[in-house]
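Q: fold the following.
(one chain, ligands or ions: 1)
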Amino acid sequence: MAFVETLIVGAGLAGLRSLYALREQGVSATVLEASDEIGGVWNHNRYPGARCDVESFDYSFSFSSELEQEWRWSERYPTQPEILRYINHVADRFDLRRHVELNARVEEAAYDEQQALWSVVTSDGRRWTAKVLMLCLGQLSAPKTPAYPGQDSFAGQIIVSATWPREAIDFSGKRVGIIGTGSSGMQMTPVIAETAEHLTVFQRTANYSLPAANAPLTDEEDARVKANYAERREQIRNSPSGLGFRPGKVRTLEVSADEREAALEKSYHRLGFGFALTFPDILLDEEANAVASEFLRRKMGERIADPALREKLVPNDHGFGTRRPSVDGGYFEAFARDNVDLADIREHPIREFTPEGIRTDVGLHPLDIVIFATGFDAITGALLKPRIVGRDGQTLAEKWADGPLTQLGLATAGFPNMVMVAGPGSPSVLSNVIVSIEEQADWYAAMIAKLKADGIAEFEATEAAERAWTDYVQQRAKETLYMKTNSFYNGGEVAGKPRVFMPYSGGVRHYRLQLQQCAADDYAGFELRSAPAAQQATKQAEHA
Ligand code: NA7
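A: Take a look at the predicted model:
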């Protein structure tokens, strides 16, 4: 059984960045990674067209100016293979790999209250003990796949976008079906359409999307950004979602219709996700949101020539941004091809799979390959996959049965010496997640080093603090339109999941200030104990 000061679970961006931060603080750490490769979601989501919809320069680490200067992104929005290369480069460049155990899927982590130690078992029976357990399991990393009647009888191949096989899939001469029209489905559609004999996109909910305006990065642009990278990072850290965009100052309905149109038109072409901040109230006020939504519906409509198809592909059941929109590279245009069809499975649901394909109530779609691009059990799904047992034998799943409870998105009461990165209660999926990861990783590393220096055996979030923060997260969400529709922000993506808003919507800057304040107040909201609570209790009982 190996002992390490901190055990990190997950070798994606969060796990590797946390490992780096801890090492800088002189804290030993090992990362346990279930896969045989590092990279997290960027290792698993290898589907054609997979790409980040945050710009390359900003979807990257800021801790090393040498790294910033030497890495050359090739396009405005990075592809999955390029991000995976970047992650591998970082691991080699900073010698992180030797602290990573691959093929180590954590099955159970249990807290020993007497020793104040986490004991971790992997699926192959290996064991570790650690003082601190750091969960870096991702936000959109526990895939959610449907189970249709007859699915096992399908004679073709079923592929899940989030666990895409390593070997290349040849779509030529194949009849392909994609189920799901979130970012993953929208990204892969135009790419697969190019080679498949026929492609059917099965849509349940139409989604908003903006054109990505992707382009190769020129040497001039590369040099321009690198000359002022620190300034750019500062702007990013101080923007609401860590994307560098500042919200417009004037409210939507305070300007004339012409000015409104001009402002929306300008950001539509230049900003990607920044479109949501054209006016400060687009995600806060229904009237303002209706204006932005109507504008986008019109824009999406202009990309679809066939009126019947337009009616189906343009969303009409929720406001822009209340669910995660997409940034696409030719999704709507793909439907103009002769080999691409839409199947509206809201109107005509999937009844069953047969050996030949998918049957809806209007007939059979003969298929050779079916792709599930059906999303994730978001934010809490991956955290609840291993059995995590805290004090008094309580599991994390039991503790969070009615929704996640966290002090500042950092930790939860009853689970001493356990923290999570970019989890519920933090900006998480509402932010450029790398900004959130770096912020927390450095904060945790400093905290863990300080507690080590001060001889603290145990730190634990208090119930009062986590109740207050969780209520505050809900209250901030109520100031927005995010609870107006079901989404993976609020548990609406999984039947039976508690419907609570999970990420913190107050922005990365405000979140950082809260973290700083917590540390400045001697880790307010945490109990710091020089000896484990259980030992103290035993001693008190002996003295009594
Ligand atoms: P999303 O955005 O959660 O999209 C999942 C899609 O799959 C969405 O259109 C769902 O429709 C659809 N879905 C889910 N379950 C079903 C079933 N049972 N039948 C039919 N359709 C279904 O996940 P993505 O992977 O596309 O995007 C996540 C990415 O966003 C992530 O990789 C980051 O890049 C950011 P619904 O809306 O639920 O009706």
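Q: please make it C-alpha for all contacts and neighbour counts, starting now.
A: Will do.
Q: count the residues that sit near the residue in the stretch 1-150 of the chain that the ligand sits nearest to.
A: With C-alpha to the nearest ligand atom as the measure, residue 146 is the residue of the stretch 1-150 of the chain nearest to the ligand, at 4.6 Å. Neighbourhood size, residue 146 [other C-alpha atoms under 10 Å]: 9.
Q: residues contacting it?
A: 372, 374 (C-alpha atoms under 8 Å, 6 or more residues apart in numbering).
Q: what strand or helix carries it?
A: For residue 146, there is no host helix or strand (DSSP states H and E).
Q: also residue 85?
A: helix 80-93.
Q: and that helix, how far out from the chain's middle?
A: When distances are taken as C-alpha atoms, centre = their mean, to the nearest Å, helix 80-93 is centred 18 Å away from the chain's centroid.
Q: buried sites along that helix?
A: 80, 81, 82, 83, 84, 86, 87, 88, 90, 91 (16 or more other C-alpha atoms under 10 Å).
Q: and the ligand, which of those reach it?
A: When the buried residues of helix 80-93 are filtered against the ligand using C-alpha under 6 Å from any ligand atom, no residues are retained.
Q: so where's the longest helix in the protein?
A: In the chain, taking DSSP state H as the definition, the longest helix is helix 433-453.
Q: CA-only coordinates of the helix or strand that comes right after it, as CSV, when you get a sec.
A: In the C-terminal direction, the helix or strand that comes right after helix 433-453 (DSSP H and E) is strand 458-461. Provided in CSV are the C-alpha atoms of strand 458-461 (Å, rounded to 0.1, in the frame of the first residue of the first chain):
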residue,chain,number,x,y,z
GLU,A,458,-7.9,17.5,9.5
PHE,A,459,-9.8,20.2,7.6
GLU,A,460,-13.5,19.9,7.1
ALA,A,461,-16.2,22.2,5.7
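Q: avg pLDDT for strand 458-461?
A: For strand 458-461, mean pLDDT rounds to 98.
Q: quick one: name the residues of the chain near the ligand.
A: Going by C-alpha under 6 Å from any ligand atom, the residues of the chain near the ligand are 146, 179-185, 204-205, 373-376, 493.
Q: which residues touch the helix holding residue 85?
A: 13, 16, 38-39, 42-43, 45-46, 49-52, 67, 71, 73, 96-97.
Q: can you tell me the closest non-neighbouring residue to the residue positioned nearest the centre of the chain?
A: The residue lying closest to the centre of the chain (C-alpha atoms, centre = their mean) is residue 139, at 3.9 Å. Excluding its sequence neighbours, the residue lying closest to residue 139 (C-alpha to C-alpha, 6 or more residues apart in numbering) is residue 379, at 4.2 Å.
Q: can you give me phi and psi for the one you found?
A: Phi and psi for residue 379, reported as degrees, to the nearest 10, are phi 70, psi -50.
Q: now it: how far from residue 140?
A: In this view, residue 379 and residue 140 are 6 Å apart by C-alpha to C-alpha, to the nearest Å.
Q: residue 225 now?
A: In terms of C-alpha to C-alpha, residue 225 sits 29 Å off from residue 140.
Q: of the two, who's got more company?
A: residue 140 (19 against 16).
Q: helices along the stretch 251-400 of the chain, start to end?
A: 257-270, 286-302, 307-313, 331-334, 396-399 (DSSP state H, counting those that start in this stretch).
Q: who are the contact partners of residue 451?
A: Residue 451 touches residue 457, counting by C-alpha under 8 Å, 6+ apart.
Q: per-residue pLDDT, it?
A: 95.
Q: measure it to residue 85 for me?
A: 35 Å.
Q: do residue 142 as well
A: 23 Å.
Q: where in the protein is pLDDT low?
A: 544 (pLDDT under 70).
Q: just the element for residue 132, please.
A: Counting by DSSP H and E, residue 132 is found in strand 127-135.
Q: each with direction, which strands does that strand pair with?
A: strand 2-9 (parallel), strand 117-122 (antiparallel), strand 418-420 (parallel) (DSSP bridges).
Q: so who does the closest residue to residue 477 other than its chain neighbours touch?
A: Excluding the flanking residues, the one nearest residue 477 by C-alpha to C-alpha, 6+ apart is residue 505, at 6.1 Å. Contact analysis of residue 505 by C-alpha under 8 Å, 6+ apart lists 427, 430, 473, 476, 477.
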